[in-house]
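Peer 1: Could you look at this predicted model? Sequence included:
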Amino acid sequence: MSKLRLRHAAPALLVAVFLLALTACGTEYPNSTFNRHTDFNTSIDALWDRLLFWGTIVFVFVEAALVVTLIKYRKRAGGPEAKQIHGNAALEITWTAIPAVILVLIAVPTVKTIFETQAPAPAGALKVEVIGHQWWWEFHYPELGITTANELYLPVGRTASFELKTKDVLHSFWIPQMGGKRDLITNKSNFMWFTPNADLQSSVWNGFCTEYCGTSHANMKIRLYTVQPDEFASWAAHQAKPAVYPAAEPATPATPATPAIPAARGAQPTPAPVEDVGYMFPTADLPDHVIPKTPTPAGLTYDDALLAQGDPTAGQLGFMIGGCIGCHAINGLPGAVSTIGPDLTHIASRHTIAAGLFPNDGPHLARWIKNARLMKPGILMNTIGRGQYDPLLKITQEAGLDDKQIADVVAYLQKLK
Amino acid sequence: MATIAAPSLASAEDAYAENSGIWSWITTTDHKRIGTLYLWTALFFFLVGGLEAVLIRTQLAKPNMGFVSAETYNQLFTMHGTTMVFLAIMPLSAAFFNYLIPLQIGARDVAFPRLNAFSYWVFLFGGIFITVPILFQVAPNGGWFGYAPLTTNQFSAGPNIDFWVLGLQILGISSLAAAFNFITTIINLRAPGMTLMRMPMFTWMSFVVQFLLVLAFPPITIALFFLLMDRFFGTTFYEIAAGADPLLWQHLFWVFGHPEVYILILPAFGLVSEVLPTFSKKPLFGYNVMVYSGIMIGTLGFGVWAHHMFAVGMGPVADSIFSMMTMLIAIPTGVKIFNWIATMWSGEIRFTVPMKFAIALIAMFTIGGISGVMHSSPPADLQQTDTYFIVAHFHYVLFGGSIMGIFAGIYHYYPKMTGRFLNESAGNWHFWLNFIGFNLTFFPMHFSGMLGMPRRIYTYDAGQGWDLFNMLSTVGTYILVVSTSIFVVNFLRSRTRGLKAGNDPWGAGTLEWSIPSPPPDYNFAQIPEVTSRYPLWDLKDPAKTAGIAHSHADSATITDAHAVPVHEETERHTAKSLGIPMPFPTSKPFFTALAMVSMFSGLLFRRSGHDSIALTVVVGGALLFVSGLYSWLTSPLE
Amino acid sequence: MSSHAAAAHGAHGAGHDDGHAHHHYTTTGLEHRKIAIWAFIGSECMLFASLISTYLIYKGRSIVGPFPHTEWVNEAGVVFKPILNIPVTSASTFVLLMSSLAMVLALQAVQLKDTPLPDGANWWTRAQRSSQGWLLMTALLGMTFLGFQAFEFASFVHEGLTIKTNLFGSTFYTLTGFHGAHVTAGVLWLFTLLFIDRKRGLGPKDELIVDIAALYWHFVDVVWIAIFTLVYLIQ
């Protein structure tokens, strides 16, 4: 009895799974590979449709043949005896030939698409250098003089041509809505290009590292903003400028606010006031799927009330004495030129920190500075908070910044729009 | 002679009495006992790998779970893959190679019984060596594919990868030794009249697999040797600073890795090719084509490795070539599927548990095959590779294919191995829960993959559209836990409580069913003279084999082997009473294997900075190994 | 029952008429070990193919010298000559080739052991029967080759190339070292045969064990020809 029930339940359950999967197509899938938002993915999706079409036909045919055979020739009382057939050359040739024909129908467009999508990028493409690090992304726009990290802006309607490299292990650059992925190979440059459709509204996409690269492989994400050309131009113009704090010195010549670093102002020939903010994808328009929901570790506490008291000037000093400049560059802060960690020049113009792992807001930034290794396993960034236990080195940080000093650094970083 | 009466069973127990105790297992050279050891050990590792999978799926049940840490997760997925490939499916196949090949070809043992024991012990020690570290949180964590340069000292300074490199090297030696043995056995120990084209399909597919092992393991041996040299002796094979090309590892690994896929699947194909004819009451449809397609799959398998590397930027020409080579493999594989269905067509299908598993293989492997063709197309693969779509694909191939086939084999051959049936009703529960759980686990992965979920991530954020599919997969995994538990209990209980099975409980047609269950140590009291592919059907039901080619007894061969016509042997004797010389039991393979494994493990002391201990253990192990070999080779076999 | 047993025993014990005590029935009539050694050699081909491919893939990729065929000047201005010494290696290659010839003669000597010498046999005909002599000569030539290799390695290290120096060093030493290890194993094997020969004399009944050693030895030799051509001769 139970046996019978189980047997009947099985196909029903399977059908349920298939149906569930099908109905699921109606809801929103923010990282779907099926949308033809670029020329690259249009080619791939066309090929996919063909593969799915033939795959479905073969699937239905084979499974139907199997089921019919099982029903028709099941042993039953008074049923016919087995017919002793040992083979049939004509049949066997047929079912060798038909798959061969189907494969030709797949192979021809495949090869065509391979050569199309791997052709050199069209002239006038926007060049972007992608450099993989354990576990974050460095982006250069060599023609525009921009260096940024983890968040990428591209204008719609213009081809983006990527040169992919890695500083350490292998990674893979993938933004599912834009097309296929390409690996970042040590001691080699790889290339890939795609053109976001010109009629695409300004939008945000998730990207991922898809080559296993160690402990925090899961935490190496990308945000891509495909924006209108004028928005991109505004963004790019601002990003190319140094970010100097305090800004707008001609307006307030008296009482230098930062006696600690007088060289900062003198060193910059054309200081751009940081309040002059270029285009940034509006926070209010961010779709839910690009807002990180990673929980912060329970053991990592920080009094968020301190953030309101953060002093950016002291924070700028803290950025240097806290050791931040050992790894991070800020174009506009003399001495902050290291390329070990992400470039923080316009960090306040980004929506996320830690390669898409947390929202870029005060509480997260403060906790991140305090003990990044608790928030993102295995990473290179030191535990900065005084008295914090470093889970990688397994020691307690005796020096470092206290919570108030961290609030100052946060305040400073938040000025770097 | 005609019945299996009580007295002969008593003598069976006598025969086995002297074969009990742990020492008898350590010293055994009997291919059936070694096969049994392989089966038990591999099933144990299968459960270990399954447990790892359960932990993985628990962590992924919901977004942002904190069930295990990132580091633990990475060790778990690395060890799940490594365990299932090298410690579960391969040795489960090896269990059947050992147990069945000599029985199917009418031989009394393998060509090199002691080498066979050596292969098993090396496998066991290697398996322990690579598995134990996970208990101490220092298990390998570079993925089962171990891509350089992540596995070099620069990025993996701990001992984790050392266990992996050395462990795989050890396991490779086991597989190679076994492969030389089985190639020789199949070429040289077939009963008179058993031409190559009369061999049972399982033996044929196993034969192909042995060649794949012999040719595919050297490249990974070399790749691992380079890594070993890099990690322990400072060479530069994968050193970034020295200008190394990380694709070297990938090419060497996949030159092994793709044939490895066929090493994993072809034995299962062989097993279902035994099960389907038996329960359809018909010979296998298109035997010759089945053989040729198996050979084709194996051969083409060496020309497609770079389809694992479409994302590395090999250029359009290489992509196109490897793409088309890969598509070609779909043809012989498709032929197999159709021929199996045609085997059942016009038969009398009995839905026994082994038959259900065999049918499930056809149904499920087809899905894996179709998704396989989908990523043989490089542009499409660029959206699929390293996502859960691939995870779905290869689980349909390896679980829906290999594991289903192996379960079919276990249910089919358990009566032969133990003399008792596995419980049918528990078997049905196992099958249906397994079938449902498998599909519920892996079918949704097609969707999570195509909807953008990368592989090998220990966690994912909420709101990515993957939550439902992951939850379904996890629920499916728990159903698999239930079904596997039922199997384990059934497997253990039926040894003593199962219904008794005679020589030929299923009405099968090949030689292994002509002798008692379990077979006596000498297998065949008289070597049968074979005249067709289904000798036992020739004997019992000639109508079934009337349509296939037969030869008359070849007198020359018969004289040579003193073979007698195919017959059933129902009486149980001992080799001694029949005067059949059997290989002596010996502990030499055991200790030689132990010495070899200690030699490798000595290198671990170099990681901890104890160079002199390392040198002592390595050199000492090597000397013991060589003296073990000398002592083994100079002592008589039988 | 008794006929059963007799037949069974016969089935097992039957062999060819050459009086070998342990000659079982085999399907092909060949000894198991003969088939196994061919499978082993097939596997070894893939092993060396992987090593040689790696060498060729990395050829010219080394960032620092010394290099095999070209001069190199380091930052300090020290000049390094092309490091491969083709005349010396040609000599060692010749030695190894000669060892294969000696191996052929050793096998022949074993096969002919029981054949009476013709009357008035000259010294060469008599020498041809000395299996011990030829086995020893094969082993000594093999050891000479190993000596050349040791000399080569030592001089390369002296000239600044170690296994850690660059990709060339790593691939070169590993490839030739692997081959050297195979020669070493072969020399051990030959001495084992020599030991057996001295202890109880090798005769036609032992043809197989000498034959498989010879197959192995010739294989190792052929591999060296490939290495010599691809690594040393082709620039």
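Peer 2: Nice, thanks for sending it over. This one's a predicted model, so the numbers in the text were calculated from it and none came from an experiment.

Peer 1: Just the pLDDT for the residue of the stretch 301-450 of chain B found nearest chain C.
Peer 2: With CB to the nearest CB as the measure, B:Phe302 is the residue of the stretch 301-450 of chain B nearest to chain C, at 9.8 Å. Bear in mind the C-beta positions are built from the backbone N, C-alpha and C, glycine included. B:Phe302 carries a pLDDT value of 94.

Peer 1: which residues sit in contact with the residue lying closest to it once chain neighbours are set aside?
Peer 2: Using CB to CB, 6 or more residues apart in numbering or on different chains and skipping residues adjacent in sequence, the residue nearest B:Phe302 is B:Pro259, 5.8 Å away. With contacts defined as CB atoms under 8 Å, 6 or more residues apart in numbering or on different chains, B:Pro259 is in contact with B:212, B:215-216, B:298, B:301-302, B:305.

Peer 1: Let's see that with 6 Å instead.
Peer 2: Contacts were defined as CB atoms under 6 Å, 6 or more residues apart in numbering or on different chains; by that measure B:Pro259 touches B:212, B:216, B:301-302.

Peer 1: And the residue of the stretch 1-150 of chain B closest to chain C?
Peer 2: Proximity of the stretch 1-150 of chain B to chain C (CB to the nearest CB) peaks at B:Ala111, 4.2 Å away.

Peer 1: in a helix, that's where that residue is, yeah?
Peer 2: No - B:Ala111: not assigned to a helix; according to DSSP: H, G, I helix; E, B strand; the rest coil it is coil.

Peer 1: Contacts for stretch B:287-304, please.
Peer 2: Contacts for stretch B:287-304 (CB under 6 Å, 6+ apart): A:92, B:204-205, B:208, B:212, B:258-259, B:262, B:325-326, B:328-329, B:332, B:335-336, B:339.

Peer 1: Next one: B:Lys540 from C:Ile225, what distance?
Peer 2: To C:Ile225, B:Lys540 is 57 Å away according to CB to CB, to the nearest Å.

Peer 1: more neighbours, these two?
Peer 2: B:Lys540 (17 against 13; other CB atoms under 10 Å in any protein chain shown).

Peer 1: shouldn't B:Ala242 be in contact with B:Thr236?
Peer 2: Yes - if you go by CB atoms under 6 Å, B:Ala242 and B:Thr236 touch, sitting 3.7 Å apart.

Peer 1: residues contacting B:Pro113?
Peer 2: Taking CB under 6 Å, 6+ apart, one finds B:29, B:583 in contact with B:Pro113.

Peer 1: can you give me the strands in the chain?
Peer 2: The chain I'm using is chain A. In chain A, the segments counted as strands under DSSP state E are A:126-133, A:136-141, A:146-149, A:151-155, A:160-166, A:171-174, A:182-184, A:190-194, A:203-209, A:221-227, A:352-353, A:358-359, A:389-390, A:395-396.

Peer 1: Sorry, I should have been clearer: chain C.
Peer 2: Ranges of strands in chain C, per DSSP E, are C:72-73, C:79-80.

Peer 1: Can you lay out the ones you listed as CSV showing distance to chain B, mean pLDDT and mean neighbour count?
Peer 2: As requested, the strands of chain C are exported to CSV (distance: least, CB to the nearest CB, whole Å; pLDDT from 0 to 100; neighbours: other CB atoms under 10 Å in any protein chain shown):
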stretch, distance to chain B, mean pLDDT, mean neighbour count
strand C:72-73, 14, 90, 14
strand C:79-80, 17, 88, 13
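
Peer 1: For A:Ala354, which of those strands is the nearest?
Peer 2: Nearest to A:Ala354, of all these, is strand C:72-73, at 44.7 Å by CB to CB.

Peer 1: what about that closest one, distance to the chain center?
Peer 2: Offset of strand C:72-73 from its chain centre (CA atoms, centre = their mean, to the nearest Å): 36 Å.

Peer 1: again with stretch C:201-220
Peer 2: Counting by CA atoms, centre = their mean, stretch C:201-220 comes out at 12 Å from the chain centroid.

Peer 1: Show me which residues of it are buried.
Peer 2: Across stretch C:201-220, burial judged by 16 or more other CB atoms under 10 Å in any protein chain shown covers C:202, C:205-217, C:219-220.

Peer 1: I'd like the distance between A:Glu28 and B:Ile263.
Peer 2: 42 Å.

Peer 1: more neighbours, those two?
Peer 2: Set side by side, A:Glu28 and B:Ile263 show more neighbours around B:Ile263, with 28 against 10, by other CB under 10 Å.

Peer 1: OK, contacts around the more buried one?
Peer 2: B:Ile263 touches B:209, B:212, counting by CB under 6 Å, 6+ apart.

Peer 1: So for the helix or strand harbouring it, mean pLDDT?
Peer 2: B:Ile263 is part of helix B:247-280 when elements are defined by DSSP states H and E. Taken as a whole, helix B:247-280 has a mean pLDDT of 97.
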